[in-house]
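Novice: here is a sequence with its predicted model. Questions after.
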Amino acid sequence: MGRLLAQAFRLNRRIKRMIQIMADIFLLSASFILALILKTDSVSALAEPQAWLALLLALPITLLIFIRLGFYRAVIRYMSLRALHTLAFGIGLSVILLLIAGQLTGLSLAPSFLVIYGILAMLMVGGVRFLLRSLYRNQLIRYKTRVIIYGAGAAGSQLANSLRQGSEYVPVAFVDDWRGMHGTQVEGLWVYPTSKLPELIDNYAAERVLLAMPSVPRSRRRDILQALAPLNVPILTVPGAEDVVSGRAHIQDIRDVAVEDLLGRDPVPPQQELLDANIRDKVVMVTGAGGSIGSELCRQILPLQPRRLLLVDNCEYSLYTIEAELKQLATLEGLPSVIEPLLGSVQQRGQLESAMRAFRVQTLYHAAAYKHVPMVEYNVLEGVRNNVFGTLETARAALSAGVETFVLISTDKAVRPTNVMGTTKRLAELICQALSHTQYVTRFCMVRFGNVLGSSGSVIPLFRKQIAQGGPITVTHEAITRYFMTIPEAATLVLQAGAMGKGGDVFVLDMGSPVKIADLAREMVRLSGLKVRDDANPEGDIEIHFTGLRPGEKLYEELLVGENDTATTHPRILTARESCWEWPRLEALLDRLKAATERGDLAEIRQIMLEAPTSYAPQSPIVDLIWLEHDKNPVTALQAPVSPNFQTHSHTESKALERLKAATFSLLKGPL
């Protein structure tokens, strides 16, 4: 039966319409005959020729009306209850046609006969179609995943209807917190209290729970998800209301639970005057524009209509990607295309200064940095060059070009750092603080925050991948905690904080409460419908392995150095006046650091960072990969004696390169 039904639904549309018309001829005729028999309580009325003549007159016109109403364009398997309205209107017109045909043929049709005919026609013509739809859907249910929808409001109703049209899920029940909904039906499904969920999952053999509450605050979603976690069925959700309203997603786009839902942090509406202050109708440059933070800054800067937006990155592909995305966004939003991609390194002061002068940059967001703690521990020299001297050269270029505002994107790892990455970022802060006190042209400020969800190196995508592979999940330490914030929220707060600075300010974003990474991993396992395997539950699905802290890693992060943090006009932004050195003293230390970096002397680099006012407290020996390899092989190319010929060649080549560099810089400074 199922196979025949499936074959029938796969027939050509024209053939299916012909079959429907022929079926309606039979069903309408049968309704007419049965109405005559029921009215007269006899079959003798069928012998009257006027009855057949009236039917022959009314039937073709009824079919034409059905065609005109689009009744045969409706796909039976997708027919909704609204189709009954069209059918009822068509049947009503058929009744009127029969009455007129009876008068023309001399057949007296009683009102009761017309009522019986109309009822029978509705039941037969409509009933057959809904029966076929029901058979088809019941056939599909065998291959669909049964789901219970949490939330019986408008979103839940729309979701249930959409899922029925699809081929993946079939809704079997609703649950809702509101008592007024309990015991009612939505889209033909009963609504139950949430306390019945475990029982409903067993009774309906449900394999998923779909959270259909896109408009509730994130804190409420977190509470719901925590209540659902012990059910051990996967929890899916619909997109947020802002994504649906903006058209970026549809209500039926089922997705995994976002980690921001687990954290339960509701964003604060931005203050528009702060967003506009440094951006609207100004020339804005973003370094590291292809990175996770830099790219989100660009996405939020563009709708604020800067006069020009300059994207700086040393990765060609990242720069190409963000430029293409922003130009598409500008086209969709009807914004003027003011995007300029600049390929280059923040360590090249001449190139940066030339660009800043040529485009007359007014605001600069410095997001370019190496931020992955173990990676910088393994590559100390590049970490120092990029994070410290990249910031120094960019800041000097900004001063020379007369940039009005310089915003440094910093990190919580700059506070009492135990790693090179955090120390280099604290040194970058010290550079901005010291330079801020030497002049009044450029206003320097720093914005410090913790981990952002979805950034490069984030644990969240890694955990998802490990769960999909069946585990184990790798966590460095049972007690490790981190602050988390979404990338869009962090970028919005950075833009606002940058407008508050008076010079030398260190702004700290309110990251909420720190999150225990092991608990986050367990929550993600449970919301995937799986169980954590441990000593208490050896039959679980996913095991969590604790691998130990990596080089330079701390158990917990801090956001402040001093205790003199004060509130600002924004509830999520604090400001702290951190201790710093005057520029001459810091410059002398940086000169020593630069010399040690050029020599590749990591022991001296570590000593200098210990002398700097960074509170650097390394927890492990130097683990730079090249340094360790030199320790294994003391006689290396770097330490071997250099031949006189090579020395002469190197010196000559160096002179040539210097002349080429000077000529290039002079060209760059010329008119463009």
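Specialist: Cool, got the structure. Numbering: from 1, shown residues only.

Novice: tell me which stretches of the stretch 451-600 of the chain form helices.
Specialist: Read by DSSP state H, counting those that start in this stretch, the stretch 451-600 of the chain holds these helices, from start to end of the chain: 459-468, 487-500, 517-527, 583-599.

Novice: out of the ones you listed, nearest to residue 90?
Specialist: Across the helices of the stretch 451-600 of the chain, residue 90 has its closest neighbour in helix 517-527 (49.1 Å, CB to CB). No exception for glycine: its C-beta is placed from N, CA and C like everyone else's.

Novice: mean confidence score for that closest one?
Specialist: Computed over helix 517-527, the mean pLDDT rounds to 83.

Novice: could I get it in PDB with only the CA atoms?
Specialist: Extracted as PDB, the C-alpha positions of helix 517-527 are listed here (Å, rounded to 0.1, in the frame of the first residue of the first chain):
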ATOM      1  CA  ILE A 517      35.600  24.500  31.400                       C
ATOM      2  CA  ALA A 518      35.100  20.900  32.600                       C
ATOM      3  CA  ASP A 519      31.500  21.800  33.600                       C
ATOM      4  CA  LEU A 520      31.000  23.400  30.100                       C
ATOM      5  CA  ALA A 521      32.200  20.200  28.500                       C
ATOM      6  CA  ARG A 522      29.800  18.000  30.600                       C
ATOM      7  CA  GLU A 523      26.900  20.300  29.700                       C
ATOM      8  CA  MET A 524      27.700  20.000  26.000                       C
ATOM      9  CA  VAL A 525      27.800  16.200  26.300                       C
ATOM     10  CA  ARG A 526      24.400  16.100  28.000                       C
ATOM     11  CA  LEU A 527      22.700  18.500  25.600                       C
END
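
Novice: could you give the angle of that helix to helix 459-468?
Specialist: Helix 517-527 and helix 459-468 meet at an angle of 50 degrees, taking axes from the mean of the first three to the mean of the last three CA atoms, to 10 degrees as the criterion.

Novice: name the residues of helix 517-527 that are buried.
Specialist: Of the residues in helix 517-527, 517, 518, 520, 521, 522, 523, 524, 525, 526, 527 count as buried by neighbour count, 16 or more other CB atoms under 10 Å.

Novice: quick one: which of these is nearest to residue 27?
Specialist: Here the nearest of those to residue 27, counting by CB to CB, is residue 527; it sits at 50.4 Å.

Novice: so who does the nearest residue to that closest one once chain neighbours are set aside touch?
Specialist: The shortest distance from residue 527 to any residue other than its chain neighbours is 4.7 Å, reached at residue 235 (CB to CB, 6 or more residues apart in numbering). Listed by CB atoms under 8 Å, 6 or more residues apart in numbering, the contact set of residue 235 reads 208, 209, 211, 225, 228, 229, 257, 527, 529.

Novice: one step back: to residue 218, which of the helices of the stretch 451-600 of the chain lies closest?
Specialist: Set against residue 218 and scored by CB to CB, these come closest in helix 487-500, at 10.6 Å.

Novice: which strands and helices sit next to the closest one?
Specialist: Counting contacts by 3 or more CB pairs under 8 Å, 6 or more residues apart in numbering; DSSP states H and E, helix 487-500 packs against helix 272-277, helix 292-301, strand 363-366, strand 405-411, strand 443-449, strand 451-453, strand 505-509, strand 573-576.

Novice: got the contact list for that helix?
Specialist: Residues external to helix 487-500 that are found in contact with it (CB under 8 Å, 6+ apart): 265, 267, 270-271, 273-275, 277-279, 292-293, 296-297, 299-301, 304, 363, 365, 405, 407, 409, 445, 447, 449, 452-455, 507, 509, 568-570, 572-573, 575.

Novice: buried ones in it?
Specialist: When neighbours are counted by 16+ other CB under 10 Å, the buried residues of helix 487-500 are found to be 487-500.

Novice: please apply the same query to stretch 196-212.
Specialist: Going by neighbour count (16+ other CB under 10 Å), the buried part of stretch 196-212 is 197, 200, 201, 206, 208, 209, 210, 211, 212.

Novice: in the stretch 201-350 of the chain, which spans are strands?
Specialist: Secondary structure of the stretch 201-350 of the chain, counting by DSSP state E, counting those that start in this stretch: strands at 208-211, 235-237, 255-256, 283-287, 308-313, 339-343.

Novice: any chance of those in TSV, plus mean pLDDT and distance to residue 148?
Specialist: Putting those into TSV (pLDDT from 0 to 100; distance: least, CB to CB, whole Å) gives the following:
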stretch	mean pLDDT	distance to residue 148
strand 208-211	88	5
strand 235-237	83	11
strand 255-256	70	17
strand 283-287	97	45
strand 308-313	96	46
strand 339-343	96	46
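
Novice: number of nearby residues for residue 478?
Specialist: Taking other CB atoms under 10 Å as the criterion, the count of residues near residue 478 is 12.

Novice: thinking again about what came up before, just the buried ones from the contacts of helix 487-500?
Specialist: If you count burial by 16+ other CB under 10 Å, the buried members of the contacts of helix 487-500 come out as 265, 270-271, 274-275, 277-279, 292-293, 296-297, 299-301, 304, 363, 365, 405, 407, 409, 445, 447, 449, 452-453, 455, 507, 509, 568, 570, 572-573, 575.

Novice: then stretch 533-544 to PDB, C-alphas only?
Specialist: The C-alpha coordinates for stretch 533-544 follow below in PDB (Å, rounded to 0.1, in the frame of the first residue of the first chain):
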ATOM      1  CA  ARG A 533      31.600   8.400  31.200                       C
ATOM      2  CA  ASP A 534      33.400   8.500  34.500                       C
ATOM      3  CA  ASP A 535      34.000   6.500  37.700                       C
ATOM      4  CA  ALA A 536      30.400   7.200  38.800                       C
ATOM      5  CA  ASN A 537      29.000   6.200  35.400                       C
ATOM      6  CA  PRO A 538      31.300   3.700  33.600                       C
ATOM      7  CA  GLU A 539      28.600   3.000  31.000                       C
ATOM      8  CA  GLY A 540      28.500   6.500  29.700                       C
ATOM      9  CA  ASP A 541      29.200   7.600  26.200                       C
ATOM     10  CA  ILE A 542      31.800  10.300  26.200                       C
ATOM     11  CA  GLU A 543      34.900  10.400  28.500                       C
ATOM     12  CA  ILE A 544      36.600  13.600  29.600                       C
END
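
Novice: picking up where we left off before, let me have the helices of the stretch 451-600 of the chain in CSV, extended by distance to residue 38.
Specialist: Conversion of those to CSV gives the following (distance: least, CB to CB, whole Å):
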stretch, distance to residue 38
helix 459-468, 63
helix 487-500, 67
helix 517-527, 59
helix 583-599, 100
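
Novice: wait, which of these is closest to residue 65?
Specialist: Judging the helices of the stretch 451-600 of the chain by CB to CB, what sits closest to residue 65 is helix 517-527, at 53.3 Å.

Novice: against which helices or strands is that closest one packed?
Specialist: Secondary-structure packing of helix 517-527 (3+ CB pairs under 8 Å, 6+ apart): helix 218-228, helix 259-263, helix 459-468, strand 473-475, strand 532-533, strand 542-546.

Novice: any idea how far it is from the chain center?
Specialist: On the basis of CA atoms, centre = their mean, to the nearest Å, helix 517-527 is displaced by 19 Å from the centre of the chain it belongs to.

Novice: ok, back up a step: by mean pLDDT, show me the worst of the helices and strands packed on helix 487-500.
Specialist: When the mean pLDDT of each of those is compared, strand 451-453 ends up at the bottom with a mean of 72.

Novice: excluding its backbone neighbours, what's nearest residue 267?
Specialist: Excluding the flanking residues, the one nearest residue 267 by CB to CB, 6+ apart is residue 489, at 5.0 Å.

Novice: could you report the separation of the one you found from residue 303?
Specialist: In this structure, residue 489 and residue 303 are 16 Å apart, going by CB to CB, to the nearest Å.

Novice: one step back: can you list the helices and strands packed on helix 487-500 in a markdown table and add distance to residue 395?
Specialist: What follows is these, written out as a markdown table (distance: least, CB to CB, whole Å):
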| stretch | distance to residue 395 |
| --- | --- |
| helix 272-277 | 21 |
| helix 292-301 | 17 |
| strand 363-366 | 8 |
| strand 405-411 | 6 |
| strand 443-449 | 7 |
| strand 451-453 | 24 |
| strand 505-509 | 15 |
| strand 573-576 | 20 |
